[in-house]
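K.L.:
I need the structure of the sequence given here:
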Amino acid sequence: MEAARILTALADLAPAGAERVLDVSGSGRPLVWLPEPDRAPRNARLDRLAALDALHRDERLLRRGLAFLVGTADVDGARRRVRLPLLAQPVRLERARRGYRVVPAGDLELTPLIEDRELAARLEAAPGLAGPGWLAATGTTAWIDAAAEAAGLKVHGVLAEPPRGIDDSVLTGVAAAAIFVTRDVFAGRLRDILLSWAGRPGLEATALSRLYVDTGRPQEGVPTHDHGPHPADEVLSPLPLNAAQRDVVRRTRTEPLVVVSGAPGNGKSHTLVAAALDTVDRGGSVLVATQSVHAADVLGELLRRHPGPIPVLFGDAEQR
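P.N.:
Next comes the predicted model:
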């Protein structure tokens, strides 16, 4: 089986891959309108959101939505409640003298309900999108109409400021900003990402292909490893290493895929850093990918402690 077919199958199994999230509010998830996109007043609801932000620092639960659709709409033969931001961005709430500053903590994203990628790209390329004054700009109403239609929804008008109350008999556009809490609102985007990966060239050279597709036959030009030490493979490292850790570093020099496992505290991160430094010392470059921001920070700090190039952390938009 080809790696592309595996990724396509995983896309079909992706959580919430077919779910259309139309309501980002709900029990315990308030939608708090902002008088200005970059500032928020002090009140009980925003104080609670700021506390959630501080408690779940790594998760970045808060989103600022820009340009909303609110009300109800007929979707798949049923009347559905809609509280949908057409644009959303992870944010932090930072205390200021008279309230909170709304600080971007990630990239701005267009709603994944717009499945036509070419149309989405044109909407994302709109002049001044989400910039200062954009919500009040002349063309924003037309942009909201177009984005709503691209998402399969039809608005009956666009309000220029947050509504005092929401008319649930129609669907209305709102050219305003609001803060809300989310965990899985954009989970459907995972399917698009997997399908995008499936179409990339060179998948046969990836670790995924090695794990699931490789037949076990040695490839031409790739030496096999007998797991025994060789004098010519001496490992000199600024980190203290035991025999197993030295063997891992030695194997990364020749093998296309090396898996290291063990309980917390067994030295996996220590070994990974030693292997990265060894690769750089031998003229190579290293990309380290982690599942969490915290893990990337830990590895970055370990790399900074030892001689070698200063590591560049990226991918986490908040600290880019």
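
K.L.:
the strands in the chain, which residues?
P.N.:
Ranges of strands within the chain are 32-34, 39-41, 62-75, 78-96, 99-104, 109-110, 158-159, 171-181, based on DSSP state E.

K.L.:
for the stretch 51-200 of the chain, which spans come out with low pLDDT?
P.N.:
Residue ranges of the stretch 51-200 of the chain with pLDDT under 70: 183-189.

K.L.:
if you set the cut-off to 50 instead, what comes out?
P.N.:
Scanning the stretch 51-200 of the chain for pLDDT under 50 picks out 184-187.

K.L.:
Tell me where the protein has helices.
P.N.:
3-13, 44-55, 117-124, 140-150, 189-198, 207-212, 243-252, 268-281, 293-304 (DSSP state H).

K.L.:
could you redo those helices as TSV and give each row distance to residue 175 and mean neighbour count?
P.N.:
From N, CA and C alone the C-beta is placed, and that goes for glycine too. As requested, the helices of the chain are exported to TSV (distance: least, C-beta to C-beta, whole Å; neighbours: other C-beta atoms under 10 Å):
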stretch	distance to residue 175	mean neighbour count
helix 3-13	34	16
helix 44-55	21	14
helix 117-124	15	13
helix 140-150	5	19
helix 189-198	24	16
helix 207-212	43	15
helix 243-252	53	18
helix 268-281	47	20
helix 293-304	33	15
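
K.L.:
can you list those in TSV and add distance to residue 32?
P.N.:
TSV is the format used below for the helices of the chain (distance: least, C-beta to C-beta, whole Å):
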stretch	distance to residue 32
helix 3-13	34
helix 44-55	5
helix 117-124	25
helix 140-150	20
helix 189-198	24
helix 207-212	42
helix 243-252	49
helix 268-281	39
helix 293-304	25
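
K.L.:
Ok, which of those helices comes nearest residue 25?
P.N.:
helix 44-55 (11.8 Å; C-beta to C-beta).

K.L.:
Serialize the strands of the chain to CSV and add fields for distance to residue 7 and mean neighbour count.
P.N.:
CSV is the format used below for these (distance: least, C-beta to C-beta, whole Å; neighbours: other C-beta under 10 Å):
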stretch, distance to residue 7, mean neighbour count
strand 32-34, 38, 19
strand 39-41, 40, 18
strand 62-75, 28, 22
strand 78-96, 26, 19
strand 99-104, 31, 18
strand 109-110, 22, 18
strand 158-159, 39, 18
strand 171-181, 31, 23
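
K.L.:
Mind putting those into JSON lines with distance to residue 275?
P.N.:
Below are those laid out as JSON lines (distance: least, C-beta to C-beta, whole Å):
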{"stretch": "strand 32-34", "distance to residue 275": "47"}
{"stretch": "strand 39-41", "distance to residue 275": "45"}
{"stretch": "strand 62-75", "distance to residue 275": "37"}
{"stretch": "strand 78-96", "distance to residue 275": "32"}
{"stretch": "strand 99-104", "distance to residue 275": "35"}
{"stretch": "strand 109-110", "distance to residue 275": "34"}
{"stretch": "strand 158-159", "distance to residue 275": "55"}
{"stretch": "strand 171-181", "distance to residue 275": "39"}
